[in-house]
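In: here are the coordinates; sequence isn't available:
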Ligand code: GLA
């Protein structure tokens with residue numbers, strides 16, 4: 001069942017709507033047409049009590065003012081970093097908006113997370129769409145994007161992200177939701193265990209873009225083929241962990257097509273989150289620099305109080321010929337799926 005309510009207005013007066021998706025067991029998710037943001041997901045813990053496990057804010061104004069953390073946002077046109085905010089496509093060089101020192105991050109100064117999208121409800125699915133004009137943040141091509149959210153009867157939240165362009169461009173859409181499976185605001189996520197189905201990750205250079213090496217995880221804090229607590233890895237004495245201030249890296253997920261990429265689990269609540277995706281990579285950001293701030297219901301947020309599992313194309317892929325392509329050509333359809341399936345251990 002889906003119900004809609006007003007979520008106030010943006011600073012320039014545009015109305016924002018919150019959609020509440022609920023299944024017959026009472027589990028729910030909430031999404032906003034502002035930024036196609038996922039602002040909450042409540043699922044039962046092992047005692048049957050619902051816990052909201054997704055970080056978010058109570059007002060549109062806070063999403064605008066505290067957008068640096070990208071809480072719950074649908075990020076685009078190109079998630080993650082593009083080195084020196086520049087790329088060459090078909091012999092032409094494009095300059096993008098630089099918003100993290102020299103780099104372009106998560107779509108630029110005004111990314112997809114800062115627009116009110118069009119919305120519609122189609123059965124049990126909420127659909128957000130927008131047209132990103134040619135030249136927006138420096139990107140070529142008019143890009144039409146569509147994001148759908150569906151909550152299933154078995155407590156899985158399914159996202160489908162799609163795009164079509166009238167000219168050659170790049171696209172990399174992901175959800176930047178932060179999870180705390182003990183409940184948003186329930187302290188840090190160090191005791192959460194994380195398992196990732198990957199034998200390699202992309203190493204960071206000093207500007208936090210990949211240095212081009214797809215390195216083996218074996219014998220490092222990046223080997224999460226067997227579940228390990230986040231706190232075991234995020235303070236490890238390893239140059240790549242120091243570079244990211246914890247985990248802020250992209251893993252190369254094994255296989256292709258829709259497959260399981262990662263499982264996050266919280267021993268205290270018993271809640272588990274299994275992530276499946278068609279995307280080639282998974283950026284795990286352990287909230288290392290998440291600002292200290294007040295979230296929904298006066299919850300305390302801050303560094304490492306949530307972990308983002310961003311299923312996406314590899315960072316800076318447009319400048320790395322060895323990485324899976326993020327180029328979208330006219331006549332092609334970009335289509336990726338991300339499924340957050342909740343359960344109990
Ligand atoms: C991504 C990046 C991080 C950080 C967050 C947003 O996860 O990889 O470095 O920028 O987004 O704060």
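Out: Yes, it's here. It should be emphasised that the depicted structure is a prediction, and the values quoted were computed from it without experimental measurement. Numbers count the residues shown, from 1 in each chain.
In: give me the element residue 342 is part of.
Out: For residue 342, the host element (DSSP states H and E) is strand 334-344.
In: check contacts around residue 270.
Out: 45, 46, 344, 345 (C-beta atoms under 8 Å, 6 or more residues apart in numbering). The way it works is simple: take the backbone N, C-alpha and C, and place the C-beta from them, glycine included.
In: related to what we said a few turns ago, for the strand holding residue 342, buried residues please.
Out: For strand 334-344, burial by neighbour count (16 or more other C-beta atoms under 10 Å) applies to 334, 336, 337, 338, 339, 340, 341, 342, 343.
In: where along the stretch 151-300 of the chain do the strands fall?
Out: 156-165, 169-170, 174-175, 178-179, 193-196, 198-204, 210-216, 228-229, 248-253, 259-265, 271-277, 281-285, 293-294, 300-301 (DSSP state E, counting those that start in this stretch).
In: List the contacts of the third one.
Out: Which is strand 174-175. Contacts of strand 174-175 (C-beta under 8 Å, 6+ apart): 38, 72-76, 79-80, 159, 161, 279, 283, 310-312, 338.
In: Could you pick out the residues of the stretch 51-200 of the chain near the ligand for me?
Out: With C-beta under 6 Å from any ligand atom as the criterion, the stretch 51-200 of the chain meets the ligand at residues 68, 69, 70, 80, 105.
In: at 5 Å what do you get?
Out: residue 70 (C-beta under 5 Å from any ligand atom).
In: picking up where we left off before, same for the strand holding residue 342, what does it pack against?
Out: strand 38-44, strand 156-165, strand 271-277 (3 or more C-beta pairs under 8 Å, 6 or more residues apart in numbering; DSSP states H and E).
In: for the first one, what is the average pLDDT?
Out: Taken as a whole, strand 38-44 has a mean pLDDT of 98.
In: what do you get for the second one?
Out: pLDDT averaged over strand 156-165 equals 98, rounded to a whole number.
In: Run the angle between that strand and strand 271-277 for me.
Out: Relative orientation of strand 156-165 versus strand 271-277 (axes from the mean of the first three to the mean of the last three C-alpha atoms, to 10 degrees): 30 degrees.
In: Partner strands of strand 156-165, with direction?
Out: strand 143-151 (antiparallel), strand 334-344 (antiparallel) (DSSP bridges).
In: So which of those strands is nearest residue 269?
Out: The closest of those to residue 269 is strand 334-344. By C-beta to C-beta, the value is 8.7 Å.
In: which outside residues touch the closest one?
Out: With C-beta under 8 Å, 6+ apart, strand 334-344 has contacts from 27, 41, 43-46, 53, 154-164, 171, 173-175, 177, 258, 270-279, 311, 328.
In: Measure how far that strand is from the centre of its chain, please.
Out: Here strand 334-344 is found 11 Å from its chain centre; the criterion is C-alpha atoms, centre = their mean, to the nearest Å.
In: and if you look at stretch 112-128?
Out: Offset of stretch 112-128 from its chain centre (C-alpha atoms, centre = their mean): 16 Å.
In: For residue 168, see how far away the residue of the chain positioned farthest from its centre is.
Out: For the chain, the residue at maximal distance from the C-alpha centroid (C-alpha atoms, centre = their mean) is residue 91, at 30.8 Å. Look at residue 91 and residue 168: by C-beta to C-beta, to the nearest Å, they are 11 Å apart.
In: next one: residue 203
Out: Distance from residue 203 to residue 168, by C-beta to C-beta: 29 Å.
In: returning to that earlier point: show me how to select, in PyMOL, the buried members of the contacts of strand 334-344.
Out: Here is the PyMOL selection string for the buried members of the contacts of strand 334-344, based on 16+ other C-beta under 10 Å:
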select buried, resi 27+41+43+44+45+53+155+156+157+158+159+160+161+162+163+164+171+173+174+175+177+270+271+272+273+274+275+276+277+278+279+311+328
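In: List the buried residues in stretch 299-310.
Out: For stretch 299-310, by 16+ other C-beta under 10 Å, it's 299, 301, 304, 305, 306, 307, 308, 309, 310.
In: I meant stretch 247-262, not that one.
Out: Across stretch 247-262, burial judged by 16+ other C-beta under 10 Å covers 247, 248, 249, 250, 251, 252, 253, 260, 261, 262.
In: Next, the contact list for the second one, please.
Out: It stands for residue 248. 204, 208, 283, 284, 285, 286, 288 are the contacts of residue 248 under C-beta under 8 Å, 6+ apart.
In: Among these, which ones lie close to the ligand?
Out: Restricting these to those touching the ligand (C-beta under 5 Å from any ligand atom) yields residue 285.
In: Which of the contacts of residue 248 ranks first by neighbour count?
Out: With neighbours taken as other C-beta atoms under 10 Å, the top of the contacts of residue 248 is residue 286, carrying 28 neighbours.
In: show me what contacts it?
Out: 189, 230, 234, 246, 247, 248, 304, 307 are the contacts of residue 286 under C-beta under 8 Å, 6+ apart.
In: and the gap between the third one and residue 175?
Out: Translated: residue 234. 21 Å.
In: cool, the fifth one as well?
Out: Plainly put, residue 247 is 17 Å away from residue 175 if you go by C-beta to C-beta.
In: just the first one next, same as before
Out: Residue 189 sits 17 Å away from residue 175, going by C-beta to C-beta.
In: Neighbours of the closest residue to residue 301 other than its chain neighbours, how many?
Out: Once flanking residues are discounted, residue 301 sits nearest to residue 295: 4.6 Å by C-beta to C-beta, 6 or more residues apart in numbering. Residues contacting residue 295 under the criterion other C-beta under 10 Å number 23.
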